[in-house]
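Enquirer: Need the 3D shape of this:
(2 chains)
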Amino acid sequence: MNLTPTQREQGRRNFMKALAGTPALAALAVTSYFRGPVKGGPLRVGFIGTGGQGRALLGVAMPPFVDVRALCDINPAQLKLADAILEKNTLPVPRHYSDWKEMLAKEDLEAVIMAPPLFMHADLAVACLDAGKHVLCEKMMAWDVAGCERMRDAAIRNKRVLEIGYQRFYSPLYTAANDGILQRGLLGEVYHARLAWHRNGNWRRQGAPPSPDYDPSAWGYPTFEHLLNWRLYKKYSRGLFAELGSHLLSIASWVFGAGPEAVYASGGVYRFKDGRESADHVYGTFEYPGGRTAVFSSIESNAFDNYYEMFFGTKGTLILSAEQEAFLFEEGSEGAPTTVAIAAAGPGPVLESTETQPGNRPTDPRAASAATQRFERRTSTKLEIERFAAAVRTGQPLACGPDRAMISARACIRATESLEQRARLAI
Amino acid sequence: MTPVSKWAPACLVLLRTLIGWHFLYEGYFKLIQPAWSAAGAPLPPWSAAGFLRAASGPLAGAFHRMAEPPWISIVDVAIPVALAVIGVWLMLGLFTQWAAAGALLLLLTFYVAAVPTTGEPELRSEGAYLIVNKTLIEAGAVLVVLLSRTGRIAGLDRLLSKRAPIARESGAAA
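Expert: I've put the predicted structure just below:
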């Protein structure tokens, strides 16, 4: 996706023009309906997992929506970094735990926000839900489909709110694009979506154990390196499909109004042959009902494309770029893209490098927009936490929810299996 | 021909019920805070402090003192509870005279704390008022209710009273 400045400007205008006068612009504000207020103060939450993504959530978990009562992580170094974030936000530093069971037993929590390694999601979320806590779990939903189903069933059984952290569903930009452009049929018939998340860097994290005698084996990691780089090992992770692809697949499935029925994937460890098991290049073709296809690629050798979702229709093309900009082009007209600038003017707090926002910006040709882009993503994540708290308190519907999250989880789990088996698999 | 419509007693009961609901909801809403709006926005705990600090008029000094500890913690509970209890009593027609007298006292207190003197629309107010505002008008309505003894027209007070209800008395007089 390479656009000239003129094309970008035109596409940005087209997008806003298409939205003008439609209810989609109303989607940029919170919708409400007639009902009385509900008693209750900020949601009392505990955090499990205060790594990069956990801290990204912690940084936007603010009063009066939530009150962070406790933090839990098996790595004390991560807890220290989490404290620093709370201090920066002039919020009190809560109690620390290394054992989540102890945290649930000792703290008066209503909800748990969790961002542990993927293979822990299902067990932790189910235990929290069974303990009567509402759960906001980072994406992907779970390591396997059975885990996803256990989570959903536990939420239903315990009548608790379960949300999965796909912040795009809380992004005003995505809501406007879907409601105002895609669902109104402005693109005509859409047969193809192209999803890309390209980075140029080693996914491996560097770091020393919190103490020389630190032993993570009690938690299932034979070495500290496994804990630090859990994303690179199959036992804990589903690789790029899960960590990056599931975001984009969830949007494609939202737009297509269905989940993919089959996938053919390829890829492998091509560049970083350092003992990792997760592929550093993955390509997947996802077949949707009605002859529609989404193609996803994620590579770790070139960041020129950055990340985006593109929808190609018989009447037009929509590009959602880096969670920050939207461009609309009419089919047949030369150069016509759009950006709706949702990002607040002025300097915003900069989010630290996380899973999906790696610290390899200098190699990115669009590095100049990095600060704005990060602010935009932070806003969606903030809305996600606020809406989660509101869902618990007022019963307001979730934007994603377990059923929607399962669609992309199922697709991405099958994609990793397809990659390993070199076979087209039904989903 | 009597100068008062035969519907007047029913209207007085309706007026009492409306005022009762207003008091009850004002009290209830303050008591449930902190709360969440239906749109998912958190509402902070309620306090009379802001209103009291902004008080003007001859009794401003007393109101300002009530906005500070230790009084404010009492006021913040007493006002909503009084509003809710008075509201329930007015709606049910129970202890109606006491409820109406209490309502009148509260409304006049609120009025004296913030007599509209500018005659211009103010922030968070939907109209322009000079001397007379809706609080004073509601106080006037409560005065009518108070003097009409509506608990004896319709309300639980009838169960407490050994005297015949007013409606029948007036009916007999006609």
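Enquirer: Not counting its own residues, what contacts the longest helix along chain B?
Expert: Using DSSP state H to define each element, chain B has its longest helix at helix B:8-32. Helix B:8-32 is contacted by residues A:37-39, B:5, B:35, B:46, B:79-93, B:96, B:99-100, B:103, B:138, B:141-142, B:144-145, B:148, B:150, B:153-155, B:166-167, B:170 when judged by C-beta atoms under 8 Å, 6 or more residues apart in numbering or on different chains. In this view, the C-beta of every residue, glycine as well, is placed from N, C-alpha and C.
Enquirer: Tally up the residues packed near the residue in chain A that chain B sits nearest to, please.
Expert: Residue of chain A nearest chain B, by C-beta to the nearest C-beta: residue A:390 (2.9 Å). Neighbour count of residue A:390, defined by other C-beta atoms under 10 Å in any protein chain shown: 26.
Enquirer: go on, residue A:79?
Expert: Residue A:79 has 20 neighbours, counted by other C-beta under 10 Å.
Enquirer: tell me the contacts of it?
Expert: A:50, A:71, A:73, A:96.
Enquirer: Am I right that it is in a helix?
Expert: Yes: assessed by DSSP: H, G, I helix; E, B strand; the rest coil, residue A:79 belongs to a helix.
Enquirer: now it: how far from residue A:205?
Expert: Per C-beta to C-beta, to the nearest Å, residue A:79 is found 17 Å from residue A:205.
Enquirer: Now do the one helix or strand the residue of chain A closest to chain B maps to: which elements does it pack against?
Expert: Counting by DSSP states H and E, the element that carries residue A:390 is helix A:370-394. Other helices and strands packing on helix A:370-394, by 3 or more C-beta pairs under 8 Å, 6 or more residues apart in numbering or on different chains; DSSP states H and E, are strand A:43-48, helix A:52-58, strand A:111-114, strand A:134-138, strand A:162-165, strand B:35-36.
Enquirer: Can you give me the neighbour number for the closest residue to residue B:5 other than its chain neighbours?
Expert: Taking C-beta to C-beta, 6 or more residues apart in numbering or on different chains, and ignoring the residues beside it in sequence, residue B:5 has residue B:11 as its nearest neighbour in space, at 7.9 Å. As a burial measure, residue B:11 scores 12 neighbours (other C-beta under 10 Å).
Enquirer: same deal with residue A:285?
Expert: Residues near residue A:285, counting by other C-beta under 10 Å, number 18.
Enquirer: Just give me the neighbour total for the residue nearest to it when sequence neighbours are not counted.
Expert: Beyond its immediate neighbours in the sequence, the residue positioned closest to residue A:285 (C-beta to C-beta, 6+ apart) is residue A:264, lying 4.8 Å away. By other C-beta under 10 Å, 16 other residues sit near residue A:264.
Enquirer: The one helix or strand residue A:264 maps to pairs with which strands, parallel or anti?
Expert: Secondary structure assignment for residue A:264, by DSSP H and E: strand A:262-268. Strand pairing for strand A:262-268, determined by DSSP bridges: strand A:281-288 (antiparallel), strand A:425-426 (antiparallel).
Enquirer: average pLDDT for the helix or strand following the longest one?
Expert: This points to strand A:281-288. Note on strand A:281-288: by DSSP H and E, the next helix or strand toward the C-terminus is strand A:292-299. Strand A:292-299 shows a mean pLDDT of 98.
Enquirer: and if you look at stretch B:45-65?
Expert: Rounded mean pLDDT across stretch B:45-65 is 91.
Enquirer: What of stretch A:303-311?
Expert: Mean pLDDT, computed over stretch A:303-311, is 96.
Enquirer: Am I right that residue A:63 is in a helix?
Expert: No: judged by three-state DSSP, residue A:63 forms no part of a helix; its state is coil.
Enquirer: For it, which non-adjacent residue is spatially closest?
Expert: Closest residue to residue A:63 apart from its sequence neighbours, by C-beta to C-beta, 6+ apart: residue A:42 at 5.2 Å.
Enquirer: Residue A:88 and residue B:129, how far apart?
Expert: For residue A:88 relative to residue B:129 (C-beta to C-beta), the value is 47 Å.
Enquirer: neighbour-wise, which of the two wins?
Expert: residue B:129 (19 against 10).
Enquirer: Wait, the more buried one touches residue B:115, no?
Expert: No: with contacts counted by C-beta atoms under 8 Å, residue B:129 stays clear of residue B:115, the gap being 9.3 Å.
Enquirer: and the longest helix of chain B, which residues are buried?
Expert: Across helix B:8-32, burial judged by 16 or more other C-beta atoms under 10 Å in any protein chain shown covers B:9, B:12-13, B:15-17, B:19-20, B:23-24, B:26-32.
Enquirer: Enumerate every residue touching the nearest residue to residue A:214 once chain neighbours are set aside.
Expert: Once flanking residues are discounted, residue A:214 sits nearest to residue A:224: 6.2 Å by C-beta to C-beta, 6+ apart. When contacts are counted by C-beta under 8 Å, 6+ apart, residue A:224 touches A:209, A:214, A:216.
Enquirer: Closest to residue A:136 out of these?
Expert: Comparing those against residue A:136 with C-beta to C-beta picks out residue A:216 as the nearest, at 24.9 Å.
Enquirer: now the helices: where do they sit in the stretch 301-427 of chain A?
Expert: In chain order, the stretch 301-427 of chain A shows helices spanning A:370-394, A:401-421, with DSSP state H, counting those that start in this stretch as the criterion.
Enquirer: Going by mean pLDDT, which of those helices comes out lowest?
Expert: The minimum mean pLDDT among the helices of the stretch 301-427 of chain A belongs to helix A:370-394 (a mean of 78).
Enquirer: can you give me the helices in the stretch 101-250 of chain A?
Expert: Along the stretch 101-250 of chain A, counting by DSSP H, counting those that start in this stretch, helices occupy A:121-130, A:145-158, A:172-177, A:224-228, A:239-240, A:246-256.
Enquirer: Alpha carbons of the strand holding residue A:264, as PDB, please.
Expert: This file holds the C-alpha atoms of strand A:262-268, laid out as PDB (Å, rounded to 0.1, in the frame of the first residue of the first chain):
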ATOM      1  CA  ALA A 262     -10.900 -22.500   5.300                       C
ATOM      2  CA  VAL A 263      -7.300 -21.400   5.400                       C
ATOM      3  CA  TYR A 264      -4.100 -22.200   3.500                       C
ATOM      4  CA  ALA A 265      -1.000 -20.900   5.100                       C
ATOM      5  CA  SER A 266       2.700 -21.000   4.500                       C
ATOM      6  CA  GLY A 267       5.800 -19.500   6.100                       C
ATOM      7  CA  GLY A 268       8.700 -20.500   8.400                       C
END
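Enquirer: quick check: mean pLDDT across that strand?
Expert: Rounded mean pLDDT across strand A:262-268 is 97.
Enquirer: Have a look at chain A and report the helix or strand with the lowest mean pLDDT.
Expert: Here the helix or strand of chain A ranked lowest by mean pLDDT, DSSP states H and E is helix A:370-394, holding a mean of 78.
Enquirer: quick one: it to helix A:401-421, angle?
Expert: Using axes from the mean of the first three to the mean of the last three C-alpha atoms, to 10 degrees, one finds that helix A:370-394 and helix A:401-421 are set 130 degrees apart in direction.
Enquirer: Show me the shaky parts of chain B.
Expert: Where chain B drops to pLDDT under 70, the residues are B:1, B:124-125, B:162-174.
Enquirer: And for the residue in it positioned nearest to chain A, the neighbour number?
Expert: For chain B, the residue closest to chain A is residue B:40, as judged by C-beta to the nearest C-beta, at 2.9 Å. Look at residue B:40: counted by other C-beta under 10 Å, it has 21 neighbours.
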